[in-house]
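[1] got a sequence here, can you model it:
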Amino acid sequence: MMSNNKISSILDNIKSAAKPPKFTHEFLKKIGFSSTNDRAIIPLLKRLGFLTEDGTPTTFYDELRDATQHQFILADRIKVLYQELFQINTNIHSANEAEVKGAISRVTGKDETTVGRYFNTFKTLVGLARFDGSSSTTSSELQQKPQVVQSEPSTNPEEQKPQKNIKSNPQFHYNIQIHLPATTDISVYNAIFKSLKENLLYE
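    Numbers count the residues shown, from 1 in each chain. Okay, here's the model as predicted:
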């Protein structure tokens, strides 16, 4: 972004405003940001995964609006967008300016001015996020772990008796599908069912 001083304010307003069906320039104006420089937040939100290409908010957008999760989900999305920087240094968000700019320069191959702009946006986003590892318990993509419930020991003497092993004979069930030929000769069907009775059916 050309100007990064509005990123924090825009994200704060996103948390307080109702989720729009589409995040447009008009919506940006409604939440108080009418400058043409502010419009650059929209492609940035798309690259971070908070909006689809047509501006529709994603599930990550919902988490961004959640006061308990927004810092963690922002950190997660930063790691995705700037994954090449994190491949160079897994703690690139904590690195000094020279190291971050050096990594950006190697990845992008851009001139010093452009690298400086990338750096300013990156550091602004990093300053609004939390990378302390708590995101793994707050992301919507977390898979729920099964809960194991341990029952209390029974006080019923009958229930405390050891159970005898009960042997059961295995039972097998077969599902046979028969595709009957297309014919008007009833004797063909009679012959098929007669053969089934003699060979497969039993008491």
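[2] tally of neighbours for the closest residue in space to residue 31 that isn't next to it in sequence?
    Nearest residue to residue 31, sequence neighbours excluded (Cβ to Cβ, 6 or more residues apart in numbering): residue 13, at 4.3 Å. Every C-beta, even on glycine, is put in place using the N, C-alpha and C of the backbone. Using other Cβ atoms under 10 Å, residue 13 has 15 other residues around it.
[3] okay, residue 13: pLDDT?
    We have a pLDDT of 95 for residue 13.
[4] doesn't it fall inside a helix?
    Yes: judged by DSSP: H, G, I helix; E, B strand; the rest coil, residue 13 forms part of a helix.
[5] from residue 46, how far off is it?
    Distance of residue 13 to residue 46, given as Cβ to Cβ, to the nearest Å: 18 Å.
[6] any stretches of the protein with poor pLDDT?
    133-189, 195-203 (pLDDT under 70).
[7] now the helices for it?
    Along the chain, the segments classed as helices by DSSP state H run 7-16, 25-30, 41-47, 59-65, 70-81, 83-88, 97-108, 112-128, 157-160, 186-199.
[8] need these in JSON lines (columns: distance to residue 53).
    JSON lines is the format used below for the helices of the chain (distance: least, Cβ to Cβ, whole Å):
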{"stretch": "helix 7-16", "distance to residue 53": "18"}
{"stretch": "helix 25-30", "distance to residue 53": "15"}
{"stretch": "helix 41-47", "distance to residue 53": "6"}
{"stretch": "helix 59-65", "distance to residue 53": "14"}
{"stretch": "helix 70-81", "distance to residue 53": "15"}
{"stretch": "helix 83-88", "distance to residue 53": "20"}
{"stretch": "helix 97-108", "distance to residue 53": "22"}
{"stretch": "helix 112-128", "distance to residue 53": "20"}
{"stretch": "helix 157-160", "distance to residue 53": "62"}
{"stretch": "helix 186-199", "distance to residue 53": "59"}
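[9] closest one to residue 1 among those?
    For the helices of the chain, proximity to residue 1 was assessed by Cβ to Cβ; helix 112-128 is nearest, at 5.1 Å.
[10] and that closest one with helix 7-16, angle?
    In terms of direction (axes from the mean of the first three to the mean of the last three Cα atoms, to 10 degrees), helix 112-128 departs from helix 7-16 by 40 degrees.
[11] which helices and strands does helix 112-128 pack with?
    Here helix 112-128 touches helix 7-16, helix 70-81, helix 97-108, going by 3 or more Cβ pairs under 8 Å, 6 or more residues apart in numbering; DSSP states H and E.
[12] with just CA atoms, put it into CSV.
    Extracted in CSV, the C-alpha atoms of helix 112-128 (Å, rounded to 0.1, in the frame of the first residue of the first chain):
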residue,chain,number,x,y,z
GLU,A,112,14.7,-0.1,-3.1
THR,A,113,11.6,2.2,-3.2
THR,A,114,9.2,-0.7,-3.9
VAL,A,115,10.9,-2.9,-1.3
GLY,A,116,10.4,-0.1,1.3
ARG,A,117,6.7,0.0,0.5
TYR,A,118,6.4,-3.8,0.9
PHE,A,119,8.3,-3.6,4.1
ASN,A,120,6.0,-0.8,5.6
THR,A,121,2.9,-2.8,4.8
PHE,A,122,4.4,-6.0,6.2
LYS,A,123,5.5,-4.4,9.4
THR,A,124,2.2,-2.6,9.8
LEU,A,125,0.3,-5.9,9.5
VAL,A,126,2.7,-7.7,11.8
GLY,A,127,2.2,-5.0,14.4
LEU,A,128,-1.5,-5.7,14.5
